[in-house]
Structure formats: C-alpha cells, structure tokens
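# This is a predicted model, with the sequence first.
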Amino acid sequence: MVQTDLTIAGVGGQGSILAGVILGSAAVTNDGKYATQTQAYSSELRGGFAVTWVIIADEPVVFPRVTQPDILVAQAQDSITRFGDSVNPDGILIYDEDMVIEPPGYIKRIYKIPATSLARHEIQAPITANIVMLGALCKITGVVSRDALEKAIAMSVPRGKESLNRDAFNLGFEGVKAC
Amino acid sequence: MVQTDLTIAGVGGQGSILAGVILGSAAVTNDGKYATQTQAYSSELRGGFAVTWVIIADEPVVFPRVTQPDILVAQAQDSITRFGDSVNPDGILIYDEDMVIEPPGYIKRIYKIPATSLARHEIQAPITANIVMLGALCKITGVVSRDALEKAIAMSVPRGKESLNRDAFNLGFEGVKAC
Amino acid sequence: MSRNKKVLTGTHFEMGNWACAEGAIAAGCNFVAGYPITPASEVANRLAARLPRVNGTFLQTEDEIGAICSAIGASWVGCKAMTVTSGPGISLMQENIGFAVATETPLVIIDVQRFGPSTGVPSVGLAADMVQVARGSHGDYQIIALSPESPQEMFDLTIRAFSLAEAYRVPVFLMADGFIGHMREQIVIPEEDRTKIKQRKIAEQSVSVLDRRDFLDVKVAPMPVFGLGLKAHVTSSCHDEHGMRNLSDPAVMHTYVMNPIKKIVNHRDDIVQVEDDCIDAEVALVSYGTVSRSARAAAGLARKNGLKVGTFRMLTCWPFPDKEIRQLAENVEYMLVLENNTGQMYPYIKAEAAHACRVSFLGPQTLGQIHDPEYILSHLNRR
Amino acid sequence: MSRNKKVLTGTHFEMGNWACAEGAIAAGCNFVAGYPITPASEVANRLAARLPRVNGTFLQTEDEIGAICSAIGASWVGCKAMTVTSGPGISLMQENIGFAVATETPLVIIDVQRFGPSTGVPSVGLAADMVQVARGSHGDYQIIALSPESPQEMFDLTIRAFSLAEAYRVPVFLMADGFIGHMREQIVIPEEDRTKIKQRKIAEQSVSVLDRRDFLDVKVAPMPVFGLGLKAHVTSSCHDEHGMRNLSDPAVMHTYVMNPIKKIVNHRDDIVQVEDDCIDAEVALVSYGTVSRSARAAAGLARKNGLKVGTFRMLTCWPFPDKEIRQLAENVEYMLVLENNTGQMYPYIKAEAAHACRVSFLGPQTLGQIHDPEYILSHLNRR
Amino acid sequence: MPKITIFRQACKGVDDCGICTFICPKQLFQASEEMNDAGYLPPEYKGERECTGCQNCMIYCPDFAIVVEKDIGDEAPDKGDENEQE
Amino acid sequence: MPKITIFRQACKGVDDCGICTFICPKQLFQASEEMNDAGYLPPEYKGERECTGCQNCMIYCPDFAIVVEKDIGDEAPDKGDENEQE
Amino acid sequence: MTVSIHPLKKYTRSHITRTTTCPGCGIGIVSQAILRAIDELEFNMDDFVFVSGIGCSAWIPSPLYNTDTLHTTHGRPIAFATGVKLGLPNKNVMVISGDGDLAAIGGNHLIHAARRNINLTVILLNNGIYGMTGGQTAPTTPRGLTTITSPYGTMEHNFDITPMVVTAGASYAARWTTYHPRQMTRSIKKAIQKKGFALIEAMSQCPVQYGRVSKLGKAVDMLKDFKVNSVKINKARNMEPEALLGKIVIGEFVDIEKAELSEECMNLRRKMMEAM
Amino acid sequence: MTVSIHPLKKYTRSHITRTTTCPGCGIGIVSQAILRAIDELEFNMDDFVFVSGIGCSAWIPSPLYNTDTLHTTHGRPIAFATGVKLGLPNKNVMVISGDGDLAAIGGNHLIHAARRNINLTVILLNNGIYGMTGGQTAPTTPRGLTTITSPYGTMEHNFDITPMVVTAGASYAARWTTYHPRQMTRSIKKAIQKKGFALIEAMSQCPVQYGRVSKLGKAVDMLKDFKVNSVKINKARNMEPEALLGKIVIGEFVDIEKAELSEECMNLRRKMMEAM
Ligand SMILES: Cc1ncc(C[n+]2csc(CCOP(=O)(O)OP(=O)(O)O)c2C)c(N)n1
Ligand SMILES: Cc1ncc(C[n+]2csc(CCOP(=O)(O)OP(=O)(O)O)c2C)c(N)n1
Ligand code: SF4
Ligand code: SF4
Ligand code: SF4
Ligand code: SF4
Ligand code: SF4
Ligand code: SF4
Ligand SMILES: [Mg+2]
Ligand SMILES: [Mg+2]
C-alpha cells in the first residue's frame, strides 16, 4: 500500500485547512484514491494556529492520525515550531518564504516559494497563497495529479474566482524551488 | 430479641399513619425501645388507601419491612382486603367495627371496637378514631406502655387537643372487646 | 415516497457530520430539533438547509431540553425524529432520555462527543459519554448505542439507528466524536432503493385503550401514534400495558421497569454487532469507535512482529455485547481494552471476561488523541 | 461558632429526611438551594425553617439547574453548600455536576432516590441512580457517593459528605432512597462538640494567579474562594493549574481530566468505607444502602441454617471499593450481589471479583421493595 | 322546569367542597346525611320550583357531579354570566 | 494638546476593524503599511493639532489599543456624548 | 325515564369514573370549562392533542380526556407540544399545566413558544402554590405568604404571568378565575381558534395546600376571594398601581394577528417541494 | 518620556496582553464601557465578582478582568451569580454574557432573577446571533434574516428582551448600542448602584457572523447601522409600532425601588439570630 501523510499548517486566516480539504477532495473524487483529512485550530480567528492533516493512499486509510508526516507544508514560522519536529527524517518540507524565516536544519528535503508575495504581487490576491502552496506541493510531490487538483480547486473556490485560483496554482507549480 | 411487627391500615383521612408514628415515637422516646415506622398511601387525599408499618423491638431493627405482621389494626374494609392475608397465623386483628363489615375467618385472635361511632358520639370528634384504635391496641397487646403512648399522643396532637385525645385513648382502652 | 428523493447517491469527500445529516435523510428522517454546539453543529446546520427540501422540518430550540422534548413530541405524531448534540447537551437531555425510554418512543440521538468534563475543549473529541448515554438518566433502563469509526459509518450507522429506533421504540444513540465528526473521508451513498429502512408498527383502532396493548410488550407493542383517532394515553408515570397510570400496584411497577429492558435484551442478537478479527489470536485488542482504527493498525504491526494479536470491535456498545465478550474471553489469553477515555466500558468488558482470561486497560498517551499504534505495540511487548 | 449552636443533641424518632437536614446543620452547612420533589421535599422543607435560625440561607430556585448552580456559586464564596433532590433532579443537574467536578467545587448533593425511569412512582424508592451520579455527566471524572442504610446514617453520612466535599473539593452524593427518607427510626444526635467537621483549605494571597496553584493538584489545591481579594480565575473550560483557560495544549487537556480523578483515587483509602462481616464466610452477600438490612437479616437466617454466609456493605459506592472487593473475592467462594435495581453496581463488582470467585446478581422479587431475607436464603439454597 | 341530577358517587362532599351550595343563586343545595362510597357527603337538591336553570351548579362543580337539563320547549333564557361583574 | 498612543500589537487592523478611522470626528487615523505580529495593519495617527481630545478613539476601540492623554493644564472640556442623538 | 348523563361525559374516557383532585379544587372547574369550549365549538375530541406536565393541574387531561394525551415531564409540556404541533399542524394542540410547571421550571419554554408564536393553546392553572408536592412556594405565591418552604414569609416577588407572556410575543392572552368559568370558556374558544400562541391563565383555588397556608381555608372562601378581588382589565388600566395591590386583573390582555410558526414551516416545505 | 498605559489596564490581569475577539467586534467596546463605569465610580476590582456563561461575549471578564471571575456553563451564569450574591451580599456581582446564553438557553434564570429582584447587574450583549458556534439563529435574530440554521430566512419572531425583563420584575433596565458607549457606561454605573435586579442590554456588532449573514459586513457599517436605526425611548413611546419596525429603542426602560432579595435574606438571618 502506498500512503502519504501530510501536514499543512499556518495561522488562522491563511486557508491552510481549505488547502487540505481541496487536496483530499482531489485525491478522492478525481484521482480515485482514498484520503483522510482532519484539522485543529485555536479559538482566535486570526493569529492563532491552524493545521490540517491529510493522508492520501491507494487503499482505505486505517490509522487516521498523522503522527510523522512525510510532507510538511508550512505557511508560517509557528508551523515549523509546532510541527517541524514531527516530520519523517526522509520527509519533505515546503514553506512560504515570506512567512518562514528559519527553516529547520534537521529536514533534508526542503523547498520554498514566496507564496504570499507572489499572490499579492502577481495576481493581487494574497488570500490565494494557500493555492500557490498547493501548486508547489503538486509539482514537487505529485501526491495527487495536477488535473485532479485543478478540478478540485475549481470546485472549492467561490464562483467567479476559478481562473484567479488557477493562476495562483500555476504560480506555485512554476515558482517552487529546492533549498 | 423481642420484636413485634404491626400494620395499621385505613383509608386516606383516617389518621392511620399518624397512629403509627405515635406508636413508634412512644416506643423510642418514652419506652426506650427501638422502632421502625414506614408507610404507603395512594395519591388521592381521601378514599384511597393509607397504611403504616411499625416494628417495635428491644434491639435495633435489622430488616425494616413488615411482611407478616403480628398485629393488624384495620380502620377500613379495604385494609382487610389489602393486608388481611399477610397476617401471621398466630397474629392479632383489631378492627373498627363501624368500618369493617367482614373480618376474615383465617385470623384467630380478633378484637373489635366501634371506634368511629365512639369518637363521633362520645366525644364529638370522629377524627380521633385513630387514637381510639391506639387505646384498644395498647390494652390488648401492651406492645408499648400506656404511659409512653399517652405521652406520645399528647406530644403529637395539636395544642389544646390533648385532653380530647386522652379521652379518645381511654374510649379505646376501655371499649375494646374480643370477637 | 418523494420524501427520500434527495438521497445524494455517489462518492463524496465530506465531513462525518455531513455524512450523519445525509444518513438521516436517507433513513427518511423528517423532524430534527437541535441546539448549536461544537463539534456537532454541522449536522444541524446542514439539516436546516436539507430538511425542508425533503418535506421535513428543522427546529432550532431554545436549549437542548427543548430539542429532545420536541423531537419526542414529533415522534409521537409519527415523524422519524432526531436530535443532535454533544456531551453537554446529552447531560441536559438526561431527564427526557428517560422519558423516551419510559414511553417507548423511537428517537435517534446523535452525540458528537467532545472533550469533557464540563465545557472542556469543544473542538477536541473524547469518547467519554459512553456510560452517560446508557446510565445517565435516573432509574433503570436500556437504550441502544452504536459506535462509528469513520465518516462512512456516520452515514451507515445513522440509518441503522433509525431502523433500530423504529423497530424497538427506543432511543438510539450514535456515539460519534469530534474527531470523526470533523474528519473528511470518502463517503459512498448508495442508490436510494438500496437503503433498507424500517418503519414502526402502528396500533390498530379499538374502542378503548383498554382493548389494546400499547406499552410494555417485550415483543414491542405497535405504537399508538397521535392524530389517528387512537386516543392514546401516554404518561411518564408508572403505567400498565394500556398506558394507564398506576402508582400503587408493585407488580405493575416491576413490569414498568422490566419489560422495556427485556424488550431490548431479548432482541440483543438482532441489535448487537461486533467485528471479531481474532481467529487464532492470543491477544485481543478490544475497542470501539475511532480507537478501533488504532487497534487495527496496531494489530497489523504486531502480526508483522510475529505476535498473535487480533481485534474485536463493538459497533454496538449498548445493549452491551456480553455474550460476544464472554466467547472472546474463552478463546484468547489476554484482552487489552483500548478506549479514548479513562476506561468507561472497561468494567463492563472485564466483568464478562475476567473469569476466563487476563484483562487490562490502556488509555491513549494523551486523552483526546487516539492511541498511536506503536504505543499499543510497545505496551503489548512490555506486558 | 454560633452557627452550629442549634445542633439538636438527643434521641429522636423522626424521618430519614429530617435526619439529613439536621446532619447538614450539624456539619455547618449554611447554604442550601433546592427545588421541591417527592420523596426528597422534607429535607428542603425543614431546612427552609432551620437555616435562617443558624445564620444560613435557603433558596428555592426555579428548577434543579438553578439549584445546583446557585449552590456551586455559594460554595465559591466560602459557604458549605448543598442541594437536595431526587432522580429527575439529578438528571437535570448532570451538566453542572460536571461543572462542579471540573472546577473542583466542594458540594453536597442529596439524592433521595425514587422509582424510575422518568416520573415513575415518586413515593417509592428504587436505588437506581447509582451509576448516574458517577457517570451521568459528559466526559471523564470521579465523584464521591455514600450510601446510608438508615435514618441514623442519613444524619451521620450527611456530616461525612460535607467533610469529604471540603477535604477533596468535589461533589459528594448521599444516595438515600424514598424508603429510608420517609422511614422513622431512632436518631441519636451527639453533642455539638463531639461532631468532627472538616473545613476546606483556603488559598493564600499572591500577586497573580500565576503564582499560585489553585487547581489540578492531586493533593488537593487550597481553594481560592471569592471575596478575599484572591482574584481567582475559575472556568469550566479546560484550564491549567492556575485556572487559566487552555484550549490548545494536549498535555494540559490530559491533566485537566486526569488530575481531578487522581485526586480522589489517590485518597481512596481515606474515602472508602466498607463493612466486611465475612470472616470464615464461604458466601458473601454484597450490598449497599437499604438492601444491606435485607442482607444482614438473610445472613442471620442462613447462619442459623448452618450456611457460612457473611455480609459486605459498601458505605462508599464511589470511588468504587475495588481493592476491598478484590480482597473479598479472594477469600470467599461465592459472591451474591444484592441491589434494589436491575444490577447497576454489579458489573463494577463483578469486574473486580470474577477472576477469583463465582459472582452473581439477585434483584428483589419486586423492584422497589427491598429483598425479603427468606427470598435471599431460598436463592442461596437453590444455587 | 329544569331537571337537576346529582351523581352522588362523583361528589367530594359539601363539607370540604360545597361549591354548589354556595354558587346556586337560589340556594337549592344542602348537605345530605348519607356518605357515598368514598366517605363524602354529597348535596341534596331541595326543590325544583325556584330553579332558574342558570346551570351554575353544573358549571362550577369541580367533579362533574351535577347535571342541569332543561325541559323540552323550556327555552328559559340562559342567564349566562350570573357572576359577571364590573 | 492631547497625546494619542496606539498599541500596535493590541490592534486588530483597520481592514476589518477600523473603528478608530470611522469614529474620530477629525479623521485622524489611517491604515499604516506595516503589519503587527499577528498580521494586522494597525492605524497610524495623522496629526495632533486638530485633535479635540474627545476620546472617541479610546472609548470605541474594542481592543484597548488607543490611549488619549490630555496635557496637564489642558482642561479642554470633555465633549462627552459626541454621538448623542435625538 | 331517561337516565341523565353529564353533557361532557362524551369527551371523557368511559373507564375513568372519578377525578383525583381534592374536594373543592378549582382544577375540576377549569377542566369543565375546557371541555365546554370544545363542545360549544362543536369540535371532535380527535381534533385535539393534549399535552401536560407534572402537577395536580397537569392531570386534567390525563387520563380523563378521551383522545390522544401526552403526560410529559415537569416543566416541559410546551416543548413537547411544539414537536406535536409542527408534526400535526392541522390538529389543535392544547397544553394544560400548573403555574409551577409552566412558569417555574418551564418558564423558558413558555416565553420562547410565545416568541415563536406557535399555534398552541396553553391553559396555565395558577393556584399560587405547588399543590402536588405539598405546598411549597411557587413563583406566583404572593410576597409575604408563609408556605412550607417560606416559613417566615415569601421574600421573593411574584410573577405577573399574563403580561410577561404578552411581552414575550403571545397572539392571545387572557386571565380569568374559577369564579368566571363562563368567561373562561369564552376565552378558551377564542384561544383555540386563534392562529398563534394563546395563553389562558386560570386562577384556580387549591383549598388544601394554598388554603392551608393562606388561611383562606375552604374552596368556597377562595371562590369568594376571587369574586371580591378580581378587577376587569379595562378598569384596571385606569387604576393606580397601589390600588391594584392584591387584586387579580382579569380579562383579555392581547388579541392580535401575526405570522405563526407551524404554518410558516408548512409553507416553506410546500415551496421547497414545488421548486423541485 | 513617560510610557503611556491604558487607563483601564489597572483593572486587567497583567499577563493577558490580547483580547480573543475578532477584529471590530463590539464586545471590546462593551468591555471597556464596563471597566470605565467601575473606574468612574471609583470602585476597586475586589469589590466585584464577575460571572459569565459560554459564548464570545461571556469571555469579557474571563480571563481579562483582574478579580474573582466565574466562567460557568452555557445559560447558567445568573443562576450561579444568585448563589454568589446570597453568599456575598456586600459585593457587587455582575453577570456578563450573550443573548444566546442569557435569553435562549438561560431565559428562565433571567426572568426569575428579575422576578426575585436580586441585586445583580446583568450585561446582556445582544449581537443577534450565536457568535461562538458559528452564526446560528438566536432568539434575537430579526425575522427574515438568513442564518446558517435558517437558510431560507428566520421564520420565528425575535424577543424584545428589555421590555420582557421589565415585565418579569427588574428594578432597572436600559438598552444601548456600541455606538453609545458613554450612555452605556452611565447606565452601567446606575445599574451597579441600584439595589435590585438591573439589566443592561448592549446591542453589539458581530462583524464576522452577523455581519456575514446580514450582509452588513464590516464593523464600521454595523456601527453606522446602530447610529441610524436607534430611537430614544421617550421618542419611541410616541411612535406607531409600524414606524418602529427595524428600529432599536434605546434608553432607560425602568428605574424603580423595591425589596431586594439578598438584603431580605440577610435581614431574616439577623432577625432570627437576634431572637435566639
Ligand atoms: C424535574 C422534576 N422536579 C420536581 C418534580 C416534583 N414536582 C412534581 S409536581 C411539582 C410542582 C407542581 O406545581 P404546579 O405546576 O404549580 O402544579 P399544581 O400541583 O400546583 O397544580 C413538582 C415540583 C418533578 N416531578 N420533576
Ligand atoms: C449546554 C450547551 N449547549 C450548547 C453549547 C454551545 N454554545 C457555546 S456558545 C453558544 C452560543 C453563544 O451565543 P451567545 O450567547 O449569543 O454568545 P455570542 O457568542 O454571540 O457572544 C452555544 C450554543 C454549550 N457550550 N453548552
Ligand atoms: S341551575 Fe342554577 S338555580 Fe338551578 S339548581 Fe343549579 S345553580 Fe341553582
Ligand atoms: S360542587 Fe359538586 S363536588 Fe362539590 S359538593 Fe357540590 S356536587 Fe359535590
Ligand atoms: S481624541 Fe477624538 S479627535 Fe482626538 S484622535 Fe481621538 S477621536 Fe480623534
Ligand atoms: S479601533 Fe482599535 S483595534 Fe480597531 S483598528 Fe483602530 S486601533 Fe485597531
Ligand atoms: S393539592 Fe390543591 S391543587 Fe392539588 S388537587 Fe388538592 S386542592 Fe387541587
Ligand atoms: S464571532 Fe462575532 S461576537 Fe464572536 S468574537 Fe467574532 S465578531 Fe465577536
Ligand atoms: Mg400550582
Ligand atoms: Mg450572541
């Protein structure tokens, strides 16, 4: 059985959880895989932490918690503080370089992308930084297919915002680079 | 250990339960014995059944339910119907002959007294029929001392009604007869 | 049956709470009363939108007491009725859970359990309402409680809950928790006509209720639902088989308590579902709900390590699967009970097993987070 | 201590409910909130008259929820607080029983149990709230419950309930029933200065709550009662040892649940009282409350018949006397559990005993009427 | 002439109740001598002539123990709110 | 001349809140460029001269993020109910 | 000779031959007033569902009335009735219960049902006391009265229920005493026909518990008291508050039309189904 | 240069540096209005006990206010506060909570505390919605508004809380909006000083949940809405009901003197002890 465990973390308002939902949805409804998505967040709407865990597998997921993610997507420094330690030694970190100042040394495969500033400056929609991150994730890991993810994004975002989000996705897909 | 189990039964409004309380109180606070008093009544204030069970003993009472009374004091026909069967074969029945038409054949020692009419006609207080019954009970069984019972009655009845109730007690003490 | 037309056949990636709402609709539920509470709110939120479209009614009440009472009222007029809440709501509903039991009312109660006691942590799940739903109201009684381990089972077991409630005239609890309530997974909703749903039996006309047996039948009395001219007498007081109040006859009192209990216990073979995967196992991991997934993962690891470990899952927690546990105890050497709490079902399990095998309990490393499979394994290695 | 002056030293022939009210006053209780309910009303009725005479307050609330909440409020300002009700009231109080547990509030709750489920038979006792008081609120927790067998013990154990509540900052239940509540027997009230009563420890002044440990101490934290300038932070949410809300740290959550449980369990030897009269016995009759009197009478009969029968009575039902039951199980061949219900404590007893002896359950012939000793005997003969 | 029927077994007695004796504008009820099965003394109806057919006795009896029937053709106006007050 | 202090870290941002910008009768607040630690954009105070010392900004700020201090001797009458309306 | 039977007997269960109330209790007068309203409106008993709580007053329909009756838990009948009405919008759903039941423990359901304006007819029997449990203070007990739980006089103020329910949103509300059974019946008829939440507050004598504590004593004395102390609302509106102390204001307090919940729910369902 | 500190900072716990409300939420305005009242009355925080329920509004004192604070269960703060006040009659006991907490699930305690006239100051934050649980209908939500649990428009009518609490028996009651923080503070001062039950209904914007469903959107727009739609009570008394639709009547609704419960209890105890 092939199974990938992911943690996508940020602070409230960055859309990390939505990113996880879109990812799971892409896997299940478009890629015909199995996925389990869970989340946690603090009571503040903004500024508090927000995290989602996604497991994607080609068989039904048995144990639904992510304790040692294969992939950590970090949208804030706080995400590293909270979840950096847990990452699989062979795992991958993808982070938003606008928000994370210090990536940890102990993770070997690290990728970065200026998701927030790309979203802000290229398409004037900083709120789509999470979709930029999904683009990067897709490119680097292929944990779900590009097609599945693009469809899932289109289904999940507000009507009228599909092309904006496609652009965001592409920014991520194209813009990510290894550290 | 000497122990006497009593059932005092009637219909609501006749004061059967009060009679049981007075009896137990006489035993405990005046005779230095042990007593357990319990009761049951139906939801109607009048006309429904009312019953009290009293156990009097010279040691603390262990099992507090009366299942086979040594003495049944019956203030109504209904009391015989409900509780007649349970009486100890060697037990005693004392009944108000104004209210009970048919005493059961299976009890050997039976005493009767026209408690209601005595109370009504001799002292113009039909409500004291229960005290008349206590007088009869005291005379026949001596389960508590006359002195203890008279004191307990005086303590339990409304202020000013002490002598009336003493008269009622005497009516019972004097008027009871074997069948 | 236009009522059920809107069953959303297909594969979805949605929350457990979504699945529960859709399960209710697939089961023909047409009355839901609720009061918002984390982590159960999404069930009610969705039903508020969905029910009117399938000819049903959603009512947001002033509190949880109002919710269960109006759901019971609706059940008595023939609705398939449900309420949904979390632990604090169950606590408030206790008195009227007893009412539903005593009056033999079909009712589904969704408990998306959260971290308690008291306000605790609303968004974190803890499976610690397991005994409260069975023993939390005063007096003696039996209910049914089902324990799902996934969003899919929040759909499936919600349907089953309605069938059992209708078949046995009893409150049936779905013991979800915040973890699966908010978990998204694939949810497969079958074709509408593939879902088996049960309806209650309705009492027949008679001159007087004295000519019918509306209550206290251990075989389940047909229900004298309101509005049909049946002149039903329903009371929370002790009553006889006709529903007539009786506060003086000890024999009636005895029956008033015993028969609704027997009604469930006598049918326990139809109600109790367990998943026993312990063939050849020396050690059984006994669990229910979300922890079962930890257990299954741990058993997998253990078998890889050459340990003879099996899993035993209670899909039905109440009536308690006593017979199944006894049988299991006689076939294994050691039973390890796993719960995401401090051991609520454990005494009930141990009582049926201790005569035949060693039994012990293991809570999660951190309450509120289901056990890591490795943690279970290390416990098995250490024992 | 003029507060306690009115202890009615002497011998009385009064109801159990009277004894309970007098026990509360002897214990120094000065705040009682209640809502009328059969068969508990006489306790509140009497306290309404008695409390103002001993500088206390009686409040009749709008319902039982109001009763327990205002009693908890009063406890937080330093009153010895109590509420009194019967099963339906306990059901309604469940949510705030959990509050008292989570905030570690000293509180005495009198449950004069009645015949349920639901409205049932108000005037008849049934000891069927035994598990509801321990597990009826949501989440995981431990309370203390004492079980009197006579009006005298309704006096004695009410005093003990206050001592335990104050010592351990926990709700303590007195599990009476309608039978002894309304039973009259001799009640001996000792001299005022012969009654040992305990007071809670009070927290000390500090600059900030962060400098104190007001909660979650397994050795029982001194209580930061209100009105003294302690600036206490009390919350029903998950909190740390200072009382500060914390909804994100799983370790704090774990402690929030575990430490109040440990606080009781660690002190169980001080709390648990049993009466073990089983020396040389082969058969133990295990019971609590009023049924114990049936058991004692039955054991007497049995010994007359040459059977080696002893009795074991749980004066404390919660925390559960697990150690004592285990010990007993190792010394007898057969344990017969007697309860005036369908076996509520039975699984808890059996879980601790089944590994070592045979255990079975016997309910009364008629629920609501404690067992006839002869009935128990005939069962012993038949086994 | 209205016909008054008293259901003796349903009555709870003029001693404690006695509402009929109070509410009849013509005071046509008084205690009877004989108890009913439950031990209550029901009222006795003292005469038909004065009865206005106002039905107060029926309407106020808490125990459904009195019926007032008007003769056929006896269309005496229903006095209705005898107790209406300003 | 009143002294206005803005506690930038306490502020929840003019984007979503911005109550100060609305409630100041002299419109002396505007969004600043720089985010605070929580990611919000606090206001910037644009000038002291026009400030009436009405304290609206302090009283209406939901996050205790603004303080208005009057100079010693600066007994400008508290305008009080600026928003009083009939 | 024809055997006379009580004209309301046809509405009661034939095997119930006796009421369970105490002698002279006002509950029976209200019970009759309700059945007479149904009779005069020429309804069938099967057009009704009766819901009651716990207390002496709550036993009015249960078991006497010969139709579907739901005898619920203490304080909750309105909550149950809400579910009944939403499920059976075409039946008349009537709640009958005591002041303790509906205004003490059940007060929240009362004001919320009024707010919702759900089409229930609520008959609230106000006897100023807890009858069934033996004479404890009710939220309607007049301040100062000595009861079994206020042995030094009730220190709390009492509710003026009808005006409060009016402010909560009732469509119809009236108060009468058992000295006014005809007016009560008239109001009950209006209440039944009202589309919306309707309250009848029926002041009713409890000679046993209230009579004892108030020393008013017997049923007849309490009826006399109702007679003497009742003031019609139109008169009361022009009286000083002091003059109204100890008085019972009777009459109709409100009678208005507004959107009703069970109908709104029905309309929504219809609209949604049609849209499909 | 002196470092400026907020003048109300002295009343708050020093380790609490940030409020947990959403940007622009009215809760903070009310929180300040309360502390300002205490400040202006020159009370010490230790003269107060604060009791709150569950909801965003209920977090005002907990953990911010630096004195004894009791954060209770949903709907019950008034019931807890009743015990606190009876046990500490010389302290000011203030309840702060939301409309859902105090008027939905807690409605019964609200009206009974008003009836009893117990000396509590109740600050009821009315934001017309359940904020904390994510935007469900509250009993204060205007009819017709689409919320997450009334996706086709709220079919129920809403409470007019202050007048209802007045009929229930309050000694003092006033309603203001967060557009009126100074008047609110003035009323809170009166309420604290009132010997008796006092209610302040504080209309407060919830830009996140209510703003979303009402499409009013942002905090500032909601404040403008309060400004435009508020009508002073003396003016409102002369207006037709139709003209008041959608308006918020603000001002003092009642201010009277009558016997207060905690004092009565104290007097009774004193009397009884003296009699001995
Ligand atoms: C939860 C609960 N609490 C208390 C009771 C006890 N109880 C039964 S009836 C009643 C009061 C009845 O008073 P009221 O409603 O005024 O009716 P009345 O008997 O006066 O007609 C109470 C408190 C109960 N049955 N259930
Ligand atoms: C018994 C119980 N039921 C439900 C909840 C969930 N709950 C928490 S806050 C809340 C509503 C809060 O609304 P409101 O009082 O208006 O406060 P707001 O958040 O709007 O300020 C609810 C229903 C709970 N905590 N406890
Ligand atoms: S109908 Fe009127 S006048 Fe005739 S007996 Fe009855 S109350 Fe009297
Ligand atoms: S009114 Fe009815 S119950 Fe009362 S005394 Fe007259 S007939 Fe009897
Ligand atoms: S004090 Fe008034 S004028 Fe000055 S900045 Fe603040 S709001 Fe503007
Ligand atoms: S009012 Fe306060 S919180 Fe809002 S933007 Fe201005 S300074 Fe920031
Ligand atoms: S106790 Fe009072 S209310 Fe109850 S039946 Fe008797 S008289 Fe009527
Ligand atoms: S949800 Fe609404 S009420 Fe709650 S903090 Fe946010 S804006 Fe305020
Ligand atoms: Mg009453
Ligand atoms: Mg709100």
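Perfect, thanks for sending it. Ligands and ions are numbered 1, 2, ... in the order given.

# now stretch E:52-64, how far from the centre of its chain.
Using C-alpha atoms, centre = their mean, to the nearest Å, the mean C-alpha position of stretch E:52-64 is found 5 Å from that of the whole chain.

# could I have it exported to CSV, CA atoms only?
The C-alpha atoms that make up stretch E:52-64 are tabulated as CSV, following Å, rounded to 0.1, in the frame of the first residue of the first chain:
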residue,chain,number,x,y,z
THR,E,52,-83.8,29.3,37.2
GLY,E,53,-81.9,26.8,35.1
CYS,E,54,-78.9,29.0,35.3
GLN,E,55,-76.6,25.9,35.3
ASN,E,56,-74.2,27.4,37.8
CYS,E,57,-74.3,24.2,39.8
MET,E,58,-73.3,22.2,36.8
ILE,E,59,-70.6,24.6,35.6
TYR,E,60,-69.0,25.2,38.9
CYS,E,61,-69.0,21.6,40.2
PRO,E,62,-65.4,20.5,40.0
ASP,E,63,-66.3,16.9,39.9
PHE,E,64,-68.8,16.8,37.0
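
# can it be found next to chain G?
Yes - against chain G, stretch E:52-64 shows contacts by C-beta under 8 Å from any C-beta of the partner chain at E:58, E:59, E:60, E:61, E:62, E:63, E:64. Backbone N, C-alpha and C define where each C-beta goes, glycine included.

# The helix or strand of chain E with the lowest mean pLDDT: which residues count as buried?
For chain E, scoring each helix and strand by mean pLDDT, DSSP states H and E identifies strand E:29-31 as the least confident one, at a mean of 93. Residues of strand E:29-31 classed as buried under the neighbour-count rule (16 or more other C-beta atoms under 10 Å in any protein chain shown) are residue E:29.

# Mind telling me which residue of the stretch 101-250 of chain C is nearest ligand 4?
Distances between the stretch 101-250 of chain C and ligand 4 by C-beta to the nearest ligand atom are smallest at residue C:245, namely 22.1 Å.

# And the pLDDT at that residue?
The predicted local distance difference test score for residue C:245 is 97.

# go on, residue C:383?
At residue C:383, the pLDDT value in this model is 68.

# any idea of the mean pLDDT for the following helix or strand past the least confident helix or strand of chain E?
As assigned by DSSP states H and E, the chain's next helix or strand after strand E:29-31 is strand E:43-45. Per-residue pLDDT over strand E:43-45 has a mean of 96.

# Dump the residues of stretch E:52-64 next to chain G into CSV; add secondary structure and neighbour count as well.
Shown next, in CSV, are those (DSSP: H, G, I helix; E, B strand; the rest coil; neighbours: other C-beta atoms under 10 Å in any protein chain shown):
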residue, secondary structure, neighbour count
E:58, helix, 23
E:59, helix, 19
E:60, helix, 26
E:61, coil, 26
E:62, coil, 28
E:63, coil, 26
E:64, coil, 22
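
# burial count for the nearest residue to residue C:369 once chain neighbours are set aside?
Once flanking residues are discounted, residue C:369 sits nearest to residue D:250: 6.0 Å by C-beta to C-beta, 6 or more residues apart in numbering or on different chains. Residue D:250 is surrounded by 18 other residues when neighbours are defined as other C-beta atoms under 10 Å in any protein chain shown.
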